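Student: Below are the sequence and a predicted model for it; my questions follow.
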Amino acid sequence: MSIRLSQTEIVFLSELPKSDIQKVSALIDAATNVIYEYFGARTAFDIIICRGCWEMEVQIISRIHNFSSGQTYNTKSAGITDYHLKEIVFRYDIARFGHYLHELIHGILSSRHPHQMREGLAWYFTLLLTESKRYLQPSYPSMLNALYIFPVKKMATVIGQEFLKDFALGRATVLEEAFSQDVKELFLPEEVFYAKKRYFR
């Protein structure tokens, strides 16, 4: 079954009760509205809703060739974004509002940024947009702080929140040399970045 929500199509891989379909649609709509209010943009990526680790595993395996070298996913992931196919996959049974927000932010970020930069920006803005309601924040391993979040916070300190927003959407560029080493590493080719950071895995 599929439904259309503004410019996005939502495809449900499993039969779900109408109340669950309405709940998922409401969460996606709410996250989309939060993003639009802040960024003035909405994702055009289609959304696939699956249930359980088996359906998520099928989605991940079918996309392995599309993922960047540094991306690692498992069936416990609540969501994944495929930039090549322009699709976002959510695991309905474990995804919460924060997961929807995080992946939908991925859907508006410039695809010109390397994976680690997009990941850092998505986490930074997810935490920023849920700061006043921390119970909405998705849980994440603490290693992401050093890997992605702290370097993006440093960028925001140097260039400001509004400019970082434009940079995230691909409307502005920055001079990499203006930043500290950990920030500069976010600009590296993905293979180089993840080879250097492999001890984080």
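Tutor: Nice, I can see it.

Student: Phi first, then psi, for residue 132.
Tutor: phi -80, psi -10 (degrees, to the nearest 10).

Student: That one: neighbour count?
Tutor: Neighbour count of residue 132, defined by other Cβ atoms under 10 Å: 7. Glycine gets a C-beta too; all of them are placed from N, C-alpha and C.

Student: What is the least confident helix or strand in this structure?
Tutor: strand 2-5 (a mean of 60; mean pLDDT, DSSP states H and E).

Student: And the helices in this structure?
Tutor: Shown for the chain, the helices assigned by DSSP state H span residues 18-39, 52-63, 97-106, 115-129, 143-144, 150-159, 161-169, 181-184, 190-196.

Student: Figure out which of those helices is closest to residue 84.
Tutor: Distance to residue 84, taken as Cβ to Cβ, is lowest for helix 52-63 among the helices of the chain, at 8.1 Å.

Student: Buried residues in that closest one, which are they?
Tutor: Using 16 or more other Cβ atoms under 10 Å as the test for burial, helix 52-63 gives 53, 55, 56, 59, 60, 63.

Student: Pull the distance from that helix to the chain's centre.
Tutor: 18 Å (Cα atoms, centre = their mean, to the nearest Å).

Student: Would you mind confirming that residue 179 makes contact with residue 156?
Tutor: No. Using Cβ atoms under 8 Å, residue 179 is not in contact with residue 156; the gap is 11.1 Å.

Student: got the contact list for stretch 171-179?
Tutor: 154, 155, 158, 159, 163, 166, 167, 183, 184, 187 (Cβ atoms under 8 Å, 6 or more residues apart in numbering).

Student: ok, residue 33 - how many residues close by?
Tutor: Residue 33 has 12 nearby residues by other Cβ under 10 Å.

Student: swap that for residue 102, please
Tutor: Neighbour count for residue 102, taken as other Cβ under 10 Å: 26.

Student: For residue 14, see how far away it is.
Tutor: 22 Å (Cβ to Cβ, to the nearest Å).

Student: Stretch 18-27: which residues count as buried?
Tutor: Buried positions in stretch 18-27, judged by neighbour count with 16+ other Cβ under 10 Å: 20, 21, 24, 25, 27.

Student: export those residues to a markdown table and tack on distance to residue 80 and pLDDT?
Tutor: Shown next, in a markdown table, are the buried residues of stretch 18-27 (distance: Cβ to Cβ, whole Å; pLDDT from 0 to 100):
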| residue | distance to residue 80 | pLDDT |
| --- | --- | --- |
| 20 | 20 | 93 |
| 21 | 21 | 92 |
| 24 | 16 | 94 |
| 25 | 20 | 93 |
| 27 | 17 | 96 |
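
Student: Would you convert these into TSV that also reports distance to residue 9?
Tutor: Converted to TSV, those look like this (distance: Cβ to Cβ, whole Å):
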residue	distance to residue 9
20	18
21	14
24	13
25	12
27	16
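
Student: wait, which of the residues you listed is closest to residue 108?
Tutor: residue 27 (17.1 Å).
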